[in-house]
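Visitor: below is the structure, and that's it, no one-letter string:
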Ligand SMILES: C[S@@+](CC[C@H](N)C(=O)[O-])C[C@H]1O[C@@H](n2cnc3c(N)ncnc32)[C@H](O)[C@@H]1O
C-alpha cells in the first residue's frame, strides 16, 4: 500500500545533492531534520526552524541518537523569518504543518498567514532542480484551511518554471497529504 511519508522521502531524495543546503521549516522532533542532515552529508548544511524551545531540545537529541553529521543550525524563530537567516540557494525545503506531535499544546500549530509567508520565501530560495515539500494535516480546522489556501496559491504557479503536484489518499479525505513544488 502507498506510504505517503516514504513517497515524500523519494521526492526529496531525487533533488537533494550531497553538499547541498536544505531547510526544515517545521523542526518538531527533528525527524525530517535528521533525514536532510544525512542526505546532504558532512559538507552540506541544514537550517531548521521552530517556535518552541522544546522542539530544538528534542531535535538535538534526535540528531545525536541518529548519528547525524554536525551540519545543522537549529533556529528558535518563525519560519516566516527564513530570509533573515538563509542566504544560500536551497536544494530542498520541508514543511510538516500542524502542531508538535505529543506536545498536547495544539494552540502552537502552524497558521495560514505565517505559513504563506514562509512558503513564498522558500520558493524564492529554490535553486534549479530543487524541491519544496509541504505536508498538510486536514484533520484539524486550521490544517484544512491551510491546505485550501496552499492549493489556491500553488495552483497559479507558472508550469514552465515549476511542477506543482499534490498527493493524497483519495478514499481517506481526513488523512495527511502533501504538495511537491519542483523547480526546473
Ligand atoms: C507537525 S510538527 C513537525 C514535525 C517534524 N517534522 C518532526 O519530524 O517531528 C509542526 C511543528 O511546527 C512548529 N511551528 C508552528 N508554527 C511555526 C512557525 N511559525 N515557524 C516554525 N515552526 C512552527 C510547531 O511548533 C511544531 O513543532
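Guide: Nice, thanks for sending it over. Note that the structure is a prediction, hence the values are computed from the model and not measured.

Visitor: and after the longest strand anywhere in the chain, which helix or strand comes next?
Guide: Criterion DSSP state E: the longest strand present in the chain is strand 126-136. Once the chain leaves strand 126-136, the next helix or strand it forms, by DSSP states H and E, is helix 141-155.

Visitor: show me what the longest strand of the chain is packed up against.
Guide: Where contact means 3 or more C-beta pairs under 8 Å, 6 or more residues apart in numbering; DSSP states H and E, strand 126-136 is packed against helix 4-13, strand 90-96, helix 112-125, helix 141-155, strand 177-183. Yep, even glycine has a C-beta here, placed from its N, CA and C like the rest.

Visitor: who's in contact with the closest residue to the ligand within the chain?
Guide: Here the residue of the chain nearest the ligand is residue 28; by C-beta to the nearest ligand atom that distance is 2.4 Å. By C-beta atoms under 8 Å, 6 or more residues apart in numbering, the contact set of residue 28 is 50, 55, 58, 59, 96, 100, 101.

Visitor: can you list the buried residues in stretch 83-97?
Guide: Buried residues in stretch 83-97, counted by 16 or more other C-beta atoms under 10 Å: 86, 90, 91, 92, 93, 94, 95, 96, 97.

Visitor: low-confidence ranges, this structure, go.
Guide: Where the chain drops to pLDDT under 70, the residues are 104.
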